[in-house]
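Engineer: below is the sequence, then the predicted model.
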Amino acid sequence: DKRVGARRLQSIRDSGHENRFYEHDGLRRRGVDLEATLAEFEGCVAPFIAVCVQQRSLGFVGPLERAAILDFALVQLFRTRAAREFAKAGSEQALGKKIAEKDAQEMSLAVLLRDFPRYRACCEFHIVTLREAQEGERFLLGDGVTLIAAMAPSASFRSAIKGAVIIVPLCPTLCIMLFPSRFQSDLEFAGAWYRPEIGVLDEAQPTAPGDVDSANAMSVFTSNRFVFSSTEDFTDVELLLRANPAATKGPVGNRDELSWPSCD
């Protein structure tokens, strides 16, 4: 828990849980149960994720599976408390006044229900890759999907997503990384593994030294409040938060504001 610096054991079922987070008077009047809809969607994607983890490969992915994985990544990005807080902060900066929690909730739910196709289009050409941690390394999981973007103050969230790397941890040693199409030239080394017609790199790519540390650091910085570790090792989390006290209060989106302490 970033705010109080405490740690505890917690079941998977209770992680990322907040009572009545998706309840909204307008949705209830329209007969929309958003939580049930999201659960049904994730149930459809779960078999793809299970095969991905079991085979440690994306070789089975075709156009339909790729679309489902992209949607899964975006849904995980937008359904969280961190996304709601980002929407609230951006609106307050643009309007110059405080935004009520109810209005922030309505904005974040609108992304999922009304504006989702526009955000999906921002990732249409992202390259889907699978990254594998080196032996002895583990990916941390924040309470939201990690978005790494160089975002100008005047940029919209959609333009930031179009140029962002999106990281979706699947298990302690594997994560899906979505790269903007401008990185396509970097994949020439992959040879037959890369299928440009689908935009998927089949084989899991081992992370270079420091890649997991970088991904974990961004999970700490972009999480709203909670960071999860399968090994109960929060040493790096504590180092990063000591160097970046602002991150204890919520997500920190500007990389220029961050300090990267030496963990030697």
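Structural biologist: Yes, it's here.

Engineer: how about the helix or strand harbouring M107: buried residues?
Structural biologist: Remark: M107 resides in helix 101-113, with elements defined by DSSP states H and E. Burial within helix 101-113, assessed by neighbour count using 16 or more other C-beta atoms under 10 Å, is assigned to A104, Q105, E106, M107, S108, L109, V111, L112. All C-beta spots, glycine's among them, are computed from the backbone N, C-alpha and C.

Engineer: pLDDT of that helix, averaged?
Structural biologist: Helix 101-113 shows a mean pLDDT of 83 in the predicted model.

Engineer: and C171, its phi and psi?
Structural biologist: Dihedral pair for C171: phi -160, psi 170, per degrees, to the nearest 10.

Engineer: please apply the same query to the one 10 residues further on.
Structural biologist: Here the main-chain torsion angles of S181 (degrees, to the nearest 10) amount to phi -60, psi -20.

Engineer: how close does the spatially closest residue to it that is not a sequence neighbour get to Q184?
Structural biologist: Excluding its sequence neighbours, the residue lying closest to S181 (C-beta to C-beta, 6 or more residues apart in numbering) is F125, at 3.9 Å. Relative to Q184, F125 is positioned 9 Å away (C-beta to C-beta, to the nearest Å).

Engineer: poorly predicted segments of the stretch 151-264 of the chain, please.
Structural biologist: Under the criterion pLDDT under 70, the flagged ranges of the stretch 151-264 of the chain are 151-156, 188-191, 253-257, 260, 262-264.

Engineer: and the helices in it, which stretches?
Structural biologist: Counting by DSSP state H, counting those that start in this stretch, residue ranges of the helices within the stretch 151-264 of the chain are 157-162, 211-222, 235-243.

Engineer: so the closest residue to E101 other than its chain neighbours, which state does it fall into?
Structural biologist: Nearest residue to E101, sequence neighbours excluded (C-beta to C-beta, 6+ apart): K88, at 7.9 Å. K88 carries the three-state label helix when classified by DSSP: H, G, I helix; E, B strand; the rest coil.
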